[in-house]
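**Q** Sharing a sequence plus its predicted fold:
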Amino acid sequence: MAQAGYDFFTAEAYCGKDRKCRVCGSDCLLAQDMFGPTGFISSMVNRLSYHNEFMCPHTNKVWHKKALQIAVALDKNPSPRIAELMKKDIENLLHDNLC
Ligand SMILES: [Zn+2]
């Protein structure tokens, strides 16, 4: 499952922007003029709007799910030495699956 801010993004309709996946760096796929909530809060208050959605083309692949888990944990990790190991784990996953 995609995670907002990592491999899933929303933007105003017709904004003309491109997005890259924060996990693997791939260009995200664009779905234009979607109608619905743009996040958790807008969903809770039933605020619907037209917007664009961007999702990484690798989101549903097992290796990408592992890399996403590491990337999310990395952002919460306070240890620089452990962070280096986690970055290497992500690099290895990308090297094995994107090259
Ligand atoms: Zn990705």
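**A** Yep, that arrived. Residues are numbered from 1 along each chain as shown.
**Q** CA only for contacts and neighbour counts going forward, please
**A** Will do.
**Q** In this structure, where is pLDDT below threshold?
**A** Per-residue confidence of the chain (counting by pLDDT under 70) places the weak regions at 14-16.
**Q** where exactly do the helices run in it?
**A** In chain order, the chain shows helices spanning 40-44, 62-76, 80-98, with DSSP state H as the criterion.
**Q** Pop out the phi and psi values for the nearest residue to C56 once chain neighbours are set aside.
**A** Nearest residue to C56 in three dimensions, chain neighbours excluded: C28, at 4.3 Å (C-alpha to C-alpha, 6 or more residues apart in numbering). Per-residue torsions, C28: phi -80, psi 150 (degrees, to the nearest 10).
**Q** According to the record, where do the domains of this structure fall?
**A** For the chain, the domain assignment from automatic domain parsing gives the residue ranges 8-55, 62-98.
**Q** a markdown table please, covering the ones you listed and showing distance to the ion.
**A** Shown next, in a markdown table, are these (distance: least, C-alpha to the ion, whole Å):
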| stretch | distance to the ion |
| --- | --- |
| domain 8-55 | 4 |
| domain 62-98 | 6 |
